[in-house]
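Visitor: Got a predicted structure plus its sequence, pasted below:
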Amino acid sequence: MTLFDSVMAFLQSLQGLPAYALLFAVLVGSGFGLPMNEDILLLVAAALTLKGVMEPLPLIAVAWVGLVIAALLIFHWGRVFGTRLLEHRAATRLMPPERLAATQRLMQRWGPATIFMARFMPGVRTAVYFAAGSLKMRYRQQVLYDGAAAAIELPLLVYGVRYLGGRWEQVVEQLQRFQGVLLPALAVLVIGFWLYRRHRVRR
């Protein structure tokens, strides 16, 4: 059994405050490199609200703080250590230098809006947050853009799972099949909306 499986099993055995505390600790731990899949963890936590293990609103609040702190930690490592951190072999496996360079170019083109977009794209979050830090973006930009995205994502996820009830696992499986198309399409829509608003403000 992997560490993730052990955490998931333990989470389902808890009730109330200890469940929230474990969820928060694991989410923050991912900012220190703990190998956890945030998305699956949050989906299971949302499903546990159907069983009364946690309540929707406290879950959203705890998860929001945990996600923002974890992302801010990754941003901080990028800001403090930058590419020097990638000289270590373990870090290179997680984020090859060429991937960081490509992400930096993306951020230089689209700006802080990339941070917002990354919250909805599981495969690139760490690289985007680390790249944002390495480019010396401001801490408040990281918190503002990621926090806004998490404030949209979490209610949709929690109440979406509650609406689906016992069918949520089957729906998630279908979404994962089309993830390669849906997420880039969502990213294009988000960037397009941000550019439109930016153009309106400048005018």
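Guide: Happy to help now that I have it. Residues are numbered from 1 along each chain as shown.

Visitor: Please identify which helix or strand holds residue 128.
Guide: Assigned by DSSP states H and E, residue 128 falls within helix 125-134.

Visitor: For that helix, name the packing helices and strands.
Guide: Applying 3 or more CB pairs under 8 Å, 6 or more residues apart in numbering; DSSP states H and E, we find helix 125-134 packed against helix 56-81, helix 97-110, helix 113-118, helix 139-164. Using the backbone N, CA and C atoms, a C-beta is placed for each residue, glycine as well.

Visitor: Buried deepest among these, which one?
Guide: Mean neighbour count (mean count of other CB atoms under 10 Å) peaks for helix 113-118 among those, with a mean of 24.

Visitor: follow-up on the earlier one: among the helices and strands packed on helix 125-134, show the one with the smallest mean pLDDT.
Guide: Ranked by mean pLDDT, those end with helix 97-110 in last place, scoring a mean of 74.

Visitor: wait, which of the helices and strands packed on helix 125-134 is closest to residue 47?
Guide: Evaluated with CB to CB, these place helix 139-164 nearest to residue 47, the distance being 5.5 Å.

Visitor: Just name whatever secondary elements that closest one is in contact with.
Guide: By 3+ CB pairs under 8 Å, 6+ apart, helix 139-164 packs against helix 38-48, helix 56-81, helix 113-118, helix 125-134, helix 168-177.

Visitor: That helix vs helix 56-81, what angle?
Guide: Counting by axes from the mean of the first three to the mean of the last three CA atoms, to 10 degrees, helix 139-164 lies at 150 degrees to helix 56-81.

Visitor: quick revisit: make a markdown table from the helices and strands packed on helix 125-134 and add distance to residue 43 to it.
Guide: Formatted as a markdown table, the entries for the helices and strands packed on helix 125-134 read as follows, by distance: least, CB to CB, whole Å:
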| stretch | distance to residue 43 |
| --- | --- |
| helix 56-81 | 11 |
| helix 97-110 | 26 |
| helix 113-118 | 19 |
| helix 139-164 | 6 |
